[in-house]
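Engineer: Would you be able to build a 3D model of this:
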Amino acid sequence: MLYLARESLVRLRDEKLAQIPNFQVALRHARELLAEWVAQGDAIDLAARKKIASLKRDVVEGSAEWNILYRRYREEELRKKGPQR
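Structural biologist: Numbers count the residues shown, from 1 in each chain. Purely as a prediction, here's the structure:
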């Protein structure tokens, strides 16, 4: 995550899309935001997988049915979370 945060900030700075007076503070903040974003994605993934696993019938991961259910449940979880920041 450090690499992604650093490269994002460097690009914003170099393309003059943002002024970054304190690069270290901005880098720390960017890493925190990325970590939150990844954690939220992991939680949504886990919730969708749990819903599929709780079905009475076995749905094989990777099958067309599993993919459809995963996408549906993932979108439901995203809607529940609502827009972030």
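Engineer: give the contact list for residue 78.
Structural biologist: residue 44 (C-beta atoms under 8 Å, 6 or more residues apart in numbering). Any C-beta I mention is one placed from the backbone N, CA and C, and that applies to glycine too.
Engineer: so which helix or strand takes in it?
Structural biologist: For residue 78, the host element (DSSP states H and E) is helix 64-81.
Engineer: same check, this time on residue 56
Structural biologist: Applying DSSP H and E, one finds residue 56 in no helix or strand.
Engineer: Then residue 58?
Structural biologist: Residue 58 belongs to no helix or strand, assigned by DSSP H and E.
Engineer: what angle sits between whichever strand or helix holds residue 43 and helix 64-81?
Structural biologist: When elements are assigned from DSSP H and E, residue 43 belongs to helix 23-53. Counting by axes from the mean of the first three to the mean of the last three C-alpha atoms, to 10 degrees, helix 23-53 points 130 degrees away from the direction of helix 64-81.
Engineer: buried residues in helix 23-53?
Structural biologist: 26, 27, 30, 44, 48, 49, 51, 52 (16 or more other C-beta atoms under 10 Å).
Engineer: and the helix holding residue 78, how far from the chain's centre?
Structural biologist: 14 Å (C-alpha atoms, centre = their mean, to the nearest Å).
Engineer: number of nearby residues for the closest residue to residue 44 other than its chain neighbours?
Structural biologist: Excluding its sequence neighbours, the residue lying closest to residue 44 (C-beta to C-beta, 6 or more residues apart in numbering) is residue 77, at 4.5 Å. Residues lying near residue 77 (other C-beta atoms under 10 Å) number 17.
Engineer: On the three-state scheme, residue 18 is what?
Structural biologist: coil (DSSP: H, G, I helix; E, B strand; the rest coil).
Engineer: quick one: it and residue 12 touch, right?
Structural biologist: Yes. Assessed by C-beta atoms under 8 Å, residue 18 is found in contact with residue 12 at 4.2 Å.
Engineer: who has more neighbours, those two?
Structural biologist: residue 12 (15 against 11).
Engineer: who's in contact with the residue nearest to residue 65 when sequence neighbours are not counted?
Structural biologist: With C-beta to C-beta, 6+ apart as the criterion, residue 65 has its nearest non-adjacent residue at 5.5 Å, and that residue is residue 59. Shown in contact with residue 59 (C-beta under 8 Å, 6+ apart): 52, 65, 66, 69.
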